[in-house]
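Trainee: Following is a predicted model, sequence given first.
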Amino acid sequence: MENSELKIIANKVRQGIVISTHAAKSGHPGGSLSAADIFTYLYFEEMNVDPKDPKNPDRDRFVLSKGHTAPGLYSTLAMRGYFQFEDLTSLRHLGSFLQGHPDMHKTPGVDISTGSLGQGISNAVGMALAGRMDRKNFRVYTLLGDGELEEGQVWEASMFAGFQKLDNLCVIVDNNGLQIDGKIDEVCSPYPIDKKFEAFNFHVVKADAHDFDSLRAAFKEARETKGMPTVIICNSVKGKGISFMENQAGWHGVAPNDEQKEEALNELKKAGEELCQK
Amino acid sequence: MSEVKKIATRQAYGEALAELGEKYPNLVVMDADLAASTKTAMFKKKFPERFFDAGIAEANMVSMAAGLASTGKVVFASSFAMFATGRAYEQIRNSVGHCGLNVKIAATHGGISVGEDGATHQCIEDVALMRNIPGMVVCVPSDYVEAKAAVAAAIEHDGPVFLRFGRSNVPVINDREDYHFELGKGTVLKEGTDVTIIGTGICVDSVMQAEKMLAEEGINAQIVNIHTIKPIDEELITHCAIKTGKIVTVEEHSVIGGLGSAVCDVVCKTHPVPVMKIGVQDVFGTSGSAEVLMKYYRLDGQGVYEQVKEFLGK
């Protein structure tokens, strides 16, 4: 798929994030927006998945370890055809199949339920291990927040994955630099992230989270790396795409109100129109 | 009495895994650096390609087990009860329980009969922790025979199971032709009318010993083995409450949240009767041999006998 097409999809994914969190009156737009291009690239370019056959045992797996950014995942799954885009407004409502955090039993396309930080990467390592045991070719992708790296379990999982040389595993870090209490390097700095993963026997790749050429090159390098797992550290902007949300820790877990929703959607739609004209 | 064969339930666990590995090619076993103690090493030796040591990292072990199970594996994750259920509680709740995955938390070294290692290693809260998780089956086998049957049943059960095994050698009490194991079903070991004494795990043996002493004094106790604390055999417990009017529960576990609490939950709902909870009385454990500690916490035959008499006012 051309970058121009991916950009248009990512723009729609961002609109879905705004629409759904606004409808829920809660949720996590900031980290959903910073990961919107990563979600888009994974589901429309990188991963071998089929919305018509979401349980296919040979499919690639995706684990949203930073489960609170479910609005970004849901919006992408809707765009990919797992369910209707209109359903996004049911996010976080009683009875909805779109829970506050991903639920494997409720949402088509969700491979495992997550939300408690640090556990998703371990889930992904388990899946990668299963794939290797069964000599299957599927790959496993997991997306972590940079603040999530403060969880000790992330490093338990990394130690195991590096030791086991799980080259069918690709860890992605959404390095937007912000967590709830502020800047990650002012709360409890996980830096240097690259050296840490290197020490745990990962192949380390850096990418621009909002540049599809950069993401394309990074995921290609991950796929071609044998004998060790790969981590792609994606430099990103929290709230990306909506000017008043960008780089604001305050937009981590707050939904836009009616006015903010309109303002955000207008900005995104305008950007979307410009993309279509190119 | 001295002729009774004594084997630890963890031994049965290890043997059962090694035996069942053949029948179930999707069986995977994980451990956290305690394979020699938990006895998963027997499986490792026979099926090295299906055994994974997570190292001393229980949280990661449990969440990895969930990932493996999501692809169709049946995964046993083992460590000492303290670390398996305590350290990794939230991983069990969220990665295993909430996902409803086929992970069996098989914990050895449950209870105070761990012995000399003392309080930090004597888990007396594991049943309470696991009972709270929706959909979790909680099973505490009483001896070698029952432990083996429980492992086989856990594999066949589709969903999360917690199994508690012990460190110490304990009498084999179920070695009989008509022995039958079914998850969720209790067993009446002796009919009686004066009081029902319900035991779980290695305390079933203590209960049986106490029963003999009580019988000598003319007290006719109904004796029940409840190996599955969740889902508990409500029908049997209600029947016992109606029949004997009094219940004593005996467990090598805190009296808060374990068998005693589960039995109270049933009778409160169906047929309220006085219940005495024999167990560890809201204190931590301490060092000592298993035998000495069972006596110290009044969980041996003599201790149970004395407490039942106190309860009956005799």
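Mentor: Here it is on my side, so go on.
Trainee: Residue B:158 - how many residues pack around it?
Mentor: Applying other Cβ atoms under 10 Å in any protein chain shown, we find 10 residues neighbouring residue B:158. The way it works is simple: take the backbone N, C-alpha and C, and place the C-beta from them, glycine included.
Trainee: Distance from the chain centre to the lengthiest helix in chain A, please.
Mentor: Longest helix in chain A by number of residues, with DSSP state H as the criterion: helix A:3-24. On the basis of Cα atoms, centre = their mean, to the nearest Å, helix A:3-24 sits 13 Å off its chain's mean C-alpha point.
Trainee: Hmm, residue B:235 and residue B:270 touching each other?
Mentor: No - under the criterion of Cβ atoms under 8 Å, residue B:270 makes no contact with residue B:235, lying 9.0 Å away.
Trainee: Looking at the two, which one has more neighbours?
Mentor: residue B:270 (15 against 12).
Trainee: which other helices and strands contact the longest helix of chain A?
Mentor: helix A:29-34, helix A:36-41, helix A:70-80, helix A:212-224, helix A:258-277 (3 or more Cβ pairs under 8 Å, 6 or more residues apart in numbering or on different chains; DSSP states H and E).
Trainee: now the angle from the last one to helix A:3-24?
Mentor: When you say that, I think you mean helix A:258-277. Here helix A:258-277 runs at an angle of 170 degrees relative to helix A:3-24 (axes from the mean of the first three to the mean of the last three Cα atoms, to 10 degrees).
Trainee: Just give me how far helix A:258-277 sits from the chain centre.
Mentor: Worked out by Cα atoms, centre = their mean, helix A:258-277 lies 22 Å from the chain centre.
Trainee: Mind checking the pLDDT average for that helix?
Mentor: What helix A:258-277 shows for mean pLDDT is 96.
Trainee: Could you check the pLDDT of the closest residue to chain B within the stretch 101-250 of chain A?
Mentor: Closest residue of the stretch 101-250 of chain A to chain B, Cβ to the nearest Cβ: residue A:126 (2.3 Å). Residue A:126 is assigned 98 on the pLDDT scale.
Trainee: List the contacts of residue 271.
Mentor: You didn't pick a chain, so chain A it is. A:11, A:241 (Cβ atoms under 8 Å, 6 or more residues apart in numbering or on different chains).
Trainee: actually it's chain B I care about, not the one you picked
Mentor: B:238, B:241, B:242.
Trainee: can you put those in a markdown table and add secondary structure and pLDDT?
Mentor: Listed next are the contacts of residue B:271 as a markdown table, based on DSSP: H, G, I helix; E, B strand; the rest coil; pLDDT from 0 to 100:
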| residue | secondary structure | pLDDT |
| --- | --- | --- |
| B:238 | helix | 98 |
| B:241 | helix | 98 |
| B:242 | helix | 98 |
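Trainee: what about residue A:172, helix or strand, and which?
Mentor: strand A:169-175 (DSSP states H and E).
Trainee: Tell me if that strand is near chain B.
Mentor: No - judged by Cβ under 8 Å from any Cβ of the partner chain, strand A:169-175 stays clear of chain B, getting no closer than 10.4 Å.
Trainee: Using CSV, write out every CA atom in that strand.
Mentor: Only the C-alpha atoms of strand A:169-175 are listed here, as CSV (Å, rounded to 0.1, in the frame of the first residue of the first chain):
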residue,chain,number,x,y,z
LEU,A,169,8.8,-11.5,18.2
CYS,A,170,8.7,-7.8,17.4
VAL,A,171,8.4,-5.5,20.4
ILE,A,172,7.4,-1.9,19.5
VAL,A,173,7.9,1.0,22.0
ASP,A,174,5.7,4.0,21.5
ASN,A,175,8.2,6.5,22.8
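Trainee: Against which helices or strands is it packed?
Mentor: Short answer (3+ Cβ pairs under 8 Å, 6+ apart): strand A:169-175 packs on helix A:119-133, strand A:140-145, helix A:152-163, helix A:193-199, helix A:212-224, strand A:230-235.
Trainee: That one to strand A:230-235, inter-axis angle?
Mentor: Using the same axes, to 10 degrees: strand A:169-175 against strand A:230-235 is 20 degrees.
Trainee: any weak-confidence spans in the chain?
Mentor: No chain in the question, so chain A it is. Counting by pLDDT under 70, not a single residue of chain A qualifies.
Trainee: That was the other one, I meant chain B.
Mentor: Using pLDDT under 70, the flagged stretches of chain B are B:1-2.
Trainee: Quick check: residues of it near chain A?
Mentor: Checking chain B against chain A by Cβ under 8 Å from any Cβ, the hits are B:28, B:49-50, B:52, B:54-55, B:57, B:59-60, B:62-73, B:90-91, B:94-95, B:98-100.
Trainee: Looking at chain B, what residue ends up closest to chain A?
Mentor: Closest point on chain B to chain A, by Cβ to the nearest Cβ, is residue B:67, at 2.3 Å.
Trainee: That residue touches residue A:119, doesn't it?
Mentor: No - counting by Cβ under 8 Å, residue B:67 does not reach residue A:119; the two are 9.4 Å apart.
Trainee: list residues touching both of these two?
Mentor: With Cβ under 8 Å, 6+ apart, residue B:67 and residue A:119 have common neighbours residue B:95.
Trainee: circling back to that earlier point, now tabulate the contacts of residue B:271 in CSV and tack on distance to residue B:251 and neighbour count.
Mentor: As requested, the contacts of residue B:271 are exported to CSV (distance: Cβ to Cβ, whole Å; neighbours: other Cβ atoms under 10 Å in any protein chain shown):
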residue, distance to residue B:251, neighbour count
B:238, 19, 16
B:241, 18, 21
B:242, 23, 12
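Trainee: ok, back up a step: note down every partner strand of the next helix-or-strand element following the strand holding residue A:172 and its orientation.
Mentor: Once the chain leaves strand A:169-175, the next helix or strand it forms, by DSSP H and E, is strand A:178-179. The strands beside strand A:178-179 in its sheet (DSSP bridges) come out as strand A:182-183 (antiparallel).
Trainee: Show residues contacting the partner strand.
Mentor: Contacts for strand A:182-183 (Cβ under 8 Å, 6+ apart): A:177, A:249.
Trainee: same thing but at 6 Å, please
Mentor: Contacting residues not belonging to strand A:182-183 are listed as residue A:249 [Cβ atoms under 6 Å, 6 or more residues apart in numbering or on different chains].
Trainee: what's the distance between it and the middle of its chain?
Mentor: 20 Å.
Trainee: Could I get the buried residue list for the next helix or strand after it?
Mentor: Where DSSP H and E defines the elements, the next helix or strand beyond strand A:182-183 is helix A:184-187. For helix A:184-187, a neighbour-count test (16 or more other Cβ atoms under 10 Å in any protein chain shown) marks residue A:184 as buried.
Trainee: Same question for stretch A:157-170.
Mentor: Result for stretch A:157-170 [16+ other Cβ under 10 Å]: buried residues A:157, A:158, A:159, A:160, A:161, A:162, A:164, A:166, A:167, A:168, A:169, A:170.
Trainee: Next: stretch B:98-116.
Mentor: Quick answer for stretch B:98-116 (16+ other Cβ under 10 Å): B:98-115.
Trainee: Am I right that residue A:156 is in contact with residue B:57?
Mentor: Yes - using Cβ atoms under 6 Å, residue A:156 is in contact with residue B:57, at 3.9 Å.
Trainee: Give me every residue in chain A lying close to chain B.
Mentor: Within chain A, the positions near chain B by Cβ under 6 Å from any Cβ of the partner chain are A:112-113, A:116, A:119, A:122-123, A:125-127, A:130, A:153, A:156-157.
Trainee: hmm, try it at 7 Å
Mentor: A:104-105, A:111-113, A:116, A:119, A:122-127, A:129-130, A:133, A:153, A:156-157, A:160 (Cβ under 7 Å from any Cβ of the partner chain).
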